[in-house]
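K.L.:
Predicted structure and sequence below. I'll ask about it afterward.
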Amino acid sequence: MKSHSTHEEDSTRTLAAGIATRLRTLIAAGEIPPGEKLRLDDLRTKFGVSLSPLREALSRLSAEGFVEAMESQRGYRVAPVSEHNLLEVTRLRAELESFALQESIARGDDRWEEEVVLSLHRLAKLERGAPGGPRLEDWERAHRAFHQSLLSACRMPLLLNFCATLHDLSDRYRRLFLENNPIDRDVMQEHRNICDATLERRAAQARSLLRDHIERTGRLVLGALVEKRGTSAEQVA
């Protein structure tokens, strides 16, 4: 039997994981802006928890790059955005996701292929409308699910975790800096091309297409970030 202290530790970890997920979502969506101080008392009230799981959640998010400890060590703030960080996130995504896709192509079975096709179909139904419209959150979920499905057969849990974190960090930049700037390219066709190459087991081409897809979005976001820097330099530093 588990001891009372072990049950408490398990409960704290479960609470911390849930809080981290909710905060990560809010930060990635831009609802908590870059640089904003995270007041522990306010967060305790918001989530209805004690300090212990809250601090653990913030520690997790700090390790992932979503928040950072303030210099005074007296709290946390949402991680600021920067050109350097965006370039790093984009490069790592391009490297790791393309590698994970190659492994998925080598190991994926019929069920995996079906999930890739289904996730693309769901995304296509939503992508026919404007992503910035009233179904933005539905589109975001479907977009993420498609990218996850491509990598899901790689059989490398650590790699998938890294890719998921990088995808969240990348989404944060995209949503912050492309919210009012529609992407002027056929993203749906890019997704179809990646899917076709994947299902036909053309691994080298699929890797290249996915890398190009990630890097093109990164360049667009970088341009928007640089343009915005002139009016809100304190948040982009």
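P.N.:
Ah, there it is.
K.L.:
use CA for all of it now, contacts and neighbours both
P.N.:
Fine.
K.L.:
which SSE is the most centrally placed residue in the chain in?
P.N.:
In the chain, the residue lying closest to the centroid (C-alpha atoms, centre = their mean) is D168, at 1.2 Å. Taking DSSP states H and E as the definition, D168 sits inside helix 157-177.
K.L.:
for the protein, longest helix please?
P.N.:
Looking across the chain with DSSP state H, the single longest helix is helix 203-229.
K.L.:
Leaving out chain neighbours, which residue sits closest to the residue nearest to the centre of the chain?
P.N.:
Take D168 and drop its neighbours on the chain: the residue closest to it by C-alpha to C-alpha, 6 or more residues apart in numbering is A28, 6.3 Å away.
K.L.:
Quick check: phi and psi on the one you found?
P.N.:
Dihedral pair for A28: phi -60, psi -30, per degrees, to the nearest 10.
K.L.:
residues touching it, list them.
P.N.:
Counting by C-alpha atoms under 8 Å, 6 or more residues apart in numbering, A28 makes contact with 168-169, 171-173, 175.
K.L.:
before we move on, back to that, flag every buried residue along whichever helix or strand comes after the helix holding D168.
P.N.:
On the C-terminal side of helix 157-177, the nearest following helix or strand under DSSP H and E is helix 187-199. Buried residues in helix 187-199, counted by 16 or more other C-alpha atoms under 10 Å: 191, 194-195, 197-199.
K.L.:
Stretch 27-42 too?
P.N.:
For stretch 27-42, by 16+ other C-alpha under 10 Å, it's 27-30, 32-35, 37-38, 40.
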